[in-house]
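> pasted the sequence and its predicted model underneath.
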Amino acid sequence: MLAILTTHPIQYQVPIWKALASRGRVPFKVYFMSDQGLAARYDPQFGRSLAWDIDLLSGYNHEFVDTIEGSSQSSFLWLRLPSGFTRKIVADGADTLWIQGWQVAAYWQAVHQARQQNLPIWLRAETNLRSTSHGWKQMLKAPLLAWLLSSVDRFLCIGEANREYFVSQGISSDRLARAPYCVDNERFSQAHDHLINRRRELRHHWNIPPDATCLLFVGKLIEKKRPQDLIDAANLVMARRPERPVHLLFVGTGEFLDSLRANSSVVFDFDANLSRRRDNYVSTSFAGFLNQSEISKAYTAADCLVLPSQATETWGLVVNEAMASGLPAIVSDACGCSDDLIKPIRPDLCFPVADTAALARAIESFISRPQSASEVQSLISNYDILRTVEAVEKLYLLQQPGLTKHN
């Protein structure tokens, strides 16, 4: 049995577990260390309490394990395991342990315990060379990380930048497998098909002008995401091409919300009392937080997604969601997904992070040569849940009835 250890039910991971279960080729069980996302909890970056509004637990074998849980979800010590975790999963029938990163202490504990039990270890993580710091803290951490990586038998690489990181750490190619980062493409594609006839209605609801190119931002309105860059670039485009109106649609909340409102002409706001039209500022709608069952409305209403994030954006799965909905994307070169989803097909839609003039040029390039929904969906079909499920099945079945450990 494959034991899958993860922090909590995550909307991007659960479809993988469900697909694995439905195909029935790999016996597995998911071990959750927290119920975050199931019951409403306050998210300080969103500035509100939230819980995902889609089914995250049915259709696969899972269990919530006992953990020592800290108060801060951003802390390395958020989750810790008791000493007997791997003895428990071996008693459950586990012969392989799969962890989802190294961001919490519990993953390190699991690796240590699994080595003592001689369990093969798999790792799927987001890190890439751009997102990795190079200061003194990283130097102190390097020997510990080298130990963890040397303990791993198979690395499931989410994309090209992630694979390059593991290669840079001396991981041999025979320990690397392609398991692309993915969302439930079918769910987003079906939602788009269901909503497309309501596109005009959706745009009208958010006061998006019918003739405007609507640029969509989805995410927390925080420094890492650089939402102000989109406003600055849109103002440049508006000044250079006044004949082609541009409109911004922000989905999300966070600490930058008020400053974004102050730097745009607000024609719609989820707080109805805050709409304020201003001359010579880009026309903007603030939709607020949209849960998983609602987000497809924004993907259908918009013309292009923009993700200006800095290097701590290890991938950017909103790009997958958008593309599965037939929506093209413009992303900064700091985003992990840029190497896979943007640069190989439309390098003109990838720009140097923090360069608002370059972002403006990318927006103008999109306006001049938009991508069709079918073109975008064809590309993202290579980053589908089935590709990752097939990789997991292949790895697990190849190591049966046993796995020769790497030297």
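Received, thanks.
> which ones are touching the nearest residue to D184 once chain neighbours are set aside?
Nearest residue to D184 in three dimensions, chain neighbours excluded: P15, at 4.2 Å (CB to CB, 6 or more residues apart in numbering). Any C-beta I mention is one placed from the backbone N, CA and C, and that applies to glycine too. Counting by CB atoms under 8 Å, 6 or more residues apart in numbering, P15 makes contact with 182-184, 187, 385.
> distance of P15 from A287?
24 Å (CB to CB, to the nearest Å).
> and for T86?
T86 sits at a distance of 45 Å from A287 (criterion: CB to CB).
> what of P328?
19 Å.
> same thing with R203?
Where A287 is concerned, R203 sits at a distance of 12 Å (CB to CB).
> how about H247?
For H247, the distance to A287 - CB to CB - is 12 Å.
> which of those two has more neighbours?
H247 (26 against 23; other CB atoms under 10 Å).
> the more buried one contacts L216, correct?
No. Counting by CB atoms under 8 Å, H247 does not reach L216; the two are 9.7 Å apart.
> the residue of the chain most remote from its centre and S264: what is the separation?
In the chain, the residue that sits farthest from the middle, by CA atoms, centre = their mean, is D279; the gap is 35.7 Å. For D279, the distance to S264 equals 12 Å [CB to CB].
> need the strands for the stretch 1-150 of the chain, in chain order.
Assigned by DSSP state E, counting those that start in this stretch, the strands in the stretch 1-150 of the chain fall at 2-6, 28-32, 41-43, 48-50, 62-64, 68-69, 79-80, 96-99, 121-123.
> now the strands for the stretch 301-407 of the chain?
Going by DSSP E, counting those that start in this stretch, the stretch 301-407 of the chain shows strands at 304-307, 329-332, 350-351.
> out of these, flag the one nearest A3.
Closest approach to A3 among these is made by strand 304-307 (33.8 Å; CB to CB).
> so what's the residue count around I10?
I10, neighbours per other CB under 10 Å, totals 17.
> quick thing: my sequence starts at 15, can you match it?
In the new count, where the first residue is 15, that last one comes out as I24.
> what about the residue lying closest to R212 once chain neighbours are set aside, how many neighbours?
Using CB to CB, 6+ apart and skipping the chain neighbours, the partner closest in space to R212 is T314 (7.3 Å). Applying other CB under 10 Å, we find 22 residues neighbouring T314.
> same question, A276
11.
> now do it against T370, distance only.
A276 is 17 Å from T370, by CB to CB.
> can you check G51 too?
34 Å.
> again, but for L137
37 Å.
> got the strands of the stretch 315-421 of the chain as JSON lines, with distance to R192 columns?
Converted to JSON lines, the strands of the stretch 315-421 of the chain look like this (distance: least, CB to CB, whole Å):
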{"stretch": "strand 318-321", "distance to R192": "23"}
{"stretch": "strand 343-346", "distance to R192": "21"}
{"stretch": "strand 364-365", "distance to R192": "21"}
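> what would these look like in TSV with mean neighbour count?
TSV is the format used below for these (neighbours: other CB atoms under 10 Å):
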stretch	mean neighbour count
strand 318-321	25
strand 343-346	26
strand 364-365	26
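> with mean pLDDT added, can I get those in TSV?
Formatted as TSV, the strands of the stretch 315-421 of the chain follow (pLDDT from 0 to 100):
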stretch	mean pLDDT
strand 318-321	98
strand 343-346	98
strand 364-365	98
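> out of the ones you listed, which gets nearest to N142?
strand 343-346 (13.4 Å).
> paired strands for the closest one, with orientation please.
Strand 343-346 has its sheet partners listed here by DSSP bridges as strand 318-321 (parallel), strand 364-365 (parallel).
> as JSON lines, those with distance to E327 would be great.
Output for the strands paired with strand 343-346, formatted as JSON lines (distance: least, CB to CB, whole Å):
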{"stretch": "strand 318-321", "distance to E327": "7"}
{"stretch": "strand 364-365", "distance to E327": "13"}
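> nearest to S187, of those strands?
strand 364-365 (26.5 Å).
> hmm, I222 is touching K311, no?
No. Using CB under 8 Å, I222 makes no contact with K311, being 11.6 Å away.
> who has more neighbours out of these two?
I222 (26 against 21).
> what kind of secondary structure is the more buried one in?
Here I222 is coil, with the state taken from DSSP: H, G, I helix; E, B strand; the rest coil.
> can you pull the contacts of it?
Residues near I222 by CB under 8 Å, 6+ apart: 228, 261, 263, 299, 315.
> as JSON lines, the residues you listed with distance to R94, secondary structure and pLDDT would be great.
Supplementary listing: the contacts of I222 in JSON lines, determined by distance: CB to CB, whole Å; DSSP: H, G, I helix; E, B strand; the rest coil; pLDDT from 0 to 100:
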{"residue": "C228", "distance to R94": "45", "secondary structure": "strand", "pLDDT": "98"}
{"residue": "H261", "distance to R94": "47", "secondary structure": "strand", "pLDDT": "97"}
{"residue": "L263", "distance to R94": "41", "secondary structure": "strand", "pLDDT": "98"}
{"residue": "S299", "distance to R94": "43", "secondary structure": "strand", "pLDDT": "97"}
{"residue": "A315", "distance to R94": "43", "secondary structure": "helix", "pLDDT": "98"}
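> S323: which of the residues you listed is nearest?
L263 (17.2 Å).
> report the beta-bridge partner residues of that closest one.
Beta-bridge partners of L263, as defined by DSSP bridges: L230, S299.
> flag the shaky bits of the protein, pLDDT-wise.
By pLDDT under 70, the weakly predicted segments of the chain are 54-64, 147-154, 287-289, 415-421.
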